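Enquirer: A structural model of the following input is requested.
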Amino acid sequence: MIKKNEPSGKTGVFWKIAVVFCAACCIVLLPGYMRVAKLKKSLALLEKDLSRLREENEKLRVEIERLEKDPAAIEEIARKLGWVKKGELRVKFVAPDTKTQDVKKKKDRK
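Expert: Residues are numbered from 1 along each chain as shown. Coordinates of the predicted model:
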């Protein structure tokens, strides 16, 4: 009589232990793997922010050097802020308000 290839008692126990071991490894290692993946993603975002901040820092360093060495740069910023030199007169141009003009025209017609 020919026997079929059936696992013997020892082989069956081995596979059961192997399956339980693999399941236990997945249960134990999967949360750690997920945490590592999350941390890698977070690290990539932080490195991107760091790169942006380094570029911004370099631009600010250049601006500081320019302000320390070039008086015209300081004057340029002061003018943008609306400051004037001693003895100068500040002139501000204001666009006319169209609603006010319409009201004046109506009063003039009456």
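
Enquirer: Tell me how far stretch 62-81 lies from the chain's centre.
Expert: 29 Å (C-alpha atoms, centre = their mean, to the nearest Å).

Enquirer: Determine how far the last residue of it lies from the first.
Expert: 21 Å (C-alpha to C-alpha, to the nearest Å).

Enquirer: Now tell me what touches it from outside.
Expert: Stretch 62-81 has contacts (C-beta atoms under 8 Å, 6 or more residues apart in numbering) with no other residue. (C-beta placed from N, C-alpha, C; glycine too.)

Enquirer: rerun at 10 Å
Expert: 83-85 (C-beta atoms under 10 Å, 6 or more residues apart in numbering).

Enquirer: average pLDDT for it?
Expert: Across stretch 62-81, pLDDT averages out at 92.

Enquirer: what's the neighbour count on Ala78?
Expert: 12 (other C-beta atoms under 10 Å).
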